[in-house]
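Enquirer: Provided below are the primary sequence and the corresponding predicted coordinates.
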Amino acid sequence: MVKCSTATLGKHDKKLKNEKASLSDETVDERGLVKEKIKWKDITKEHASYCVASKDIKQFSGNVLGYVTPWNNHGYDTAKIFGGKFEFISPVWLQIHRKPGGQFTMGGAHDIDKGWMKDVKKDRHTKILPRILFEKWTSNDYRALFTDEDVVEDCISFILNFLKKNKFDGMVLEIWSSLGGTNRNELIHFINHVADFFHDAKKTFILVLPPPIYAGNNPGLISKANFDDFSDKIDGFSLMTYDYSSVINPGPNAPIDWVRKCVEILVPDDSGLRKKVLLGLNFYGYRYSNMGEVEAIVGSTYMETLKLKKPKLVWHEDHKEHSMIVKKDIGNDNVWFPSLKSIQERLDLARELNTGISIWEIGQGLDYFFDLL
């Protein structure tokens, strides 16, 4: 399955290989690397070199959330190196389950790394907010959650007690997309209860949201009316403004005009709510073949392809993204992967719209990307 929620790449995907980082006294901007016309050699030569002087200093004024996955170890390293650039780090560790008897359990607790958490937070104000996914819930489980206030309170209390026990600062909740746009009123009721409980406990609550519109102006799984029903109560929204294209219509991962539209649909005017929106920024890309195949790719795969195929990179002004054609024995691949220029364009858009950003996920990109944050 190519299109999935925030978990764009799963445990079966290739881990990003650690390359020896080379430190620089200058940022990528000072080195003249943020540009439309780039060559594959520019990337292979410079991608592991970041500015040591600014590695812990934010360039972007809005809130920044970075996801880290246990199947991509490089994310753990980047969170420690560049942690000062993030208000929130969200390790993708946890899944809440409901047993047939109604008891709640938390999967993924074995992935919790308290030593790493301590390193990330050391001398910083960075909050650790694990992403919690509702996993393997049946229709009966959701029916119980949506019809019984005791089940609602038990569920939220279980989550809160788990977070407190493990010294987390709050959570990033992913539940909206799991129901495919159904039961919206019941979800809103539940989400508002979560917000009340979390605020009483002085814990941060960020909600993952799908885009309100898809390719071809097709309506998304959430509307402005839905957003308005809980936007005042929640601390932030991780908006999934990526995965725009598909195997049917291959192309850019997040066309800039579509990203803008997603924000403006939910918050037409900047009345203070936009600062809660964390505009989604992908640090991964996609490879589309002319045989109808599609594959999500991370930095290591991208670097291998550049070195092996030496392709020409093309800047698409209308989308504000780079792509490349990779020649093969039979047919060609069309590869879209973020570049310094494409990331800078989206950071500039976030500044203009007065939003923050959320990155899926920080281990999948290239180290010199962090100079821009």
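Expert: Perfect, I can see it now. Numbers count the residues shown, from 1 in each chain.
Enquirer: Okay, and the residue nearest to Gly181 when sequence neighbours are not counted sits in which element?
Expert: Spatial nearest neighbour of Gly181, chain neighbours left out: Leu221 (3.8 Å); criterion: C-beta to C-beta, 6 or more residues apart in numbering. The C-beta positions use only the backbone N, C-alpha and C, and glycine is treated the same way. For Leu221, there is no host helix or strand (DSSP states H and E).
Enquirer: Quickly note the distance from Leu221 to Phe82.
Expert: 32 Å (C-beta to C-beta, to the nearest Å).
Enquirer: When those two are compared, which one has more neighbours?
Expert: Ranked by neighbour count (other C-beta atoms under 10 Å), Leu221 and Phe82 place Phe82 first, with 25 against 18.
Enquirer: so what pLDDT did the more buried one get?
Expert: If you check Phe82, the pLDDT there is 97.
Enquirer: what sits against it?
Expert: Taking C-beta atoms under 8 Å, 6 or more residues apart in numbering as the contact definition, Phe82 lies against Tyr50, Lys55, Asp56, Ile362, Phe370, Leu373.
Enquirer: Please give the three-state secondary structure assignment for Tyr50.
Expert: Using DSSP: H, G, I helix; E, B strand; the rest coil, the secondary structure recorded for Tyr50 is strand.
Enquirer: so is Asp123 in a helix, a strand, or just coil?
Expert: coil.
Enquirer: any idea how far it is from Lys167?
Expert: Taken as C-beta to C-beta, the span from Asp123 to Lys167 is 17 Å.
Enquirer: Which one's more surrounded, the two?
Expert: Set side by side, Asp123 and Lys167 show more neighbours around Lys167, with 12 against 8, by other C-beta under 10 Å.
Enquirer: can you tell me which residues contact the residue nearest to Trp258 when sequence neighbours are not counted?
Expert: In space, and not counting its chain neighbours, Trp258 is closest to Tyr244: 5.7 Å by C-beta to C-beta, 6+ apart. With contact taken as C-beta under 8 Å, 6+ apart, Tyr244 is in contact with Tyr214, Ala215, Gly251, Pro252, Asn253, Ala254, Pro255, Trp258.
Enquirer: give me the number of residues near the fourth one?
Expert: Residues contacting Pro252 under the criterion other C-beta under 10 Å number 20.
Enquirer: and the spatially closest residue to it that is not a sequence neighbour, what is it in contact with?
Expert: Take Pro252 and drop its neighbours on the chain: the residue closest to it by C-beta to C-beta, 6+ apart is His319, 4.0 Å away. Counting by C-beta under 8 Å, 6+ apart, His319 touches Gly251, Pro252, Pro255, Ile256.
Enquirer: among those, which are in helices?
Expert: Among those, the ones falling in helices (DSSP state H) are Ile256.
Enquirer: Of the contacts of His319, which pair is most distant in space?
Expert: Gly251 and Ile256 (12.8 Å; C-beta to C-beta).
Enquirer: Between these two, tell me which one has more neighbours.
Expert: A direct count of neighbours by other C-beta under 10 Å for Gly251 and Ile256 places Ile256 higher, at 20 against 17.
Enquirer: in the stretch 1-150 of the chain, what spans have low per-residue confidence?
Expert: For the stretch 1-150 of the chain, residues meeting the criterion pLDDT under 70 lie at 1-21.
Enquirer: show me the contacts for Lys261.
Expert: With C-beta under 8 Å, 6+ apart, Lys261 has these contacts: Ile213.
Enquirer: Would you mind measuring from it to Tyr244?
Expert: Separation of Lys261 from Tyr244 (C-beta to C-beta): 11 Å.
Enquirer: go on, Glu46?
Expert: For Glu46, the distance to Tyr244 - C-beta to C-beta - is 28 Å.
Enquirer: just Asp42 next, same as before
Expert: 26 Å.
Enquirer: which residues in this protein form helices?
Expert: Here the chain has its helices, by DSSP H, at 40-46, 74-81, 114-121, 139-147, 149-165, 184-200, 224-228, 256-266, 299-309, 340-353.
Enquirer: What pLDDT is listed against Gly331?
Expert: 83.
Enquirer: check contacts around it.
Expert: Contact partners of Gly331, counting by C-beta under 8 Å, 6+ apart, are Ser289, Asn290, Met291.
Enquirer: Identify the residue nearest the first one in space, chain neighbours excluded?
Expert: The one in question is Ser289. In space, Ser289 is closest to Asp333, 5.1 Å off (C-beta to C-beta, 6+ apart).
Enquirer: My read is that the one you found contacts Leu308, right?
Expert: No - shown here, Asp333 and Leu308 do not form a contact pair, counting by C-beta atoms under 8 Å, at 11.9 Å.
Enquirer: Please say which of these two ends up with more neighbours.
Expert: Asp333 (23 against 9).
Enquirer: so what's the more buried one bridging to?
Expert: Ser289, Val326 (DSSP bridges).
Enquirer: Could you number the chain from 219 rather than 1 from now on?
Expert: Right, with 219 as the first residue, what we last looked at is Asp551.
Enquirer: follow-up on the earlier one: Gly325 is nearest to which of the helices of the chain?
Expert: That would be helix 367-383 among those, by C-beta to C-beta, at 11.1 Å.
Enquirer: Report the buried residues of the closest one.
Expert: Val369, Val370, Asp372, Cys373, Ile374, Phe376, Ile377, Leu378, Phe380, Leu381 (16 or more other C-beta atoms under 10 Å).
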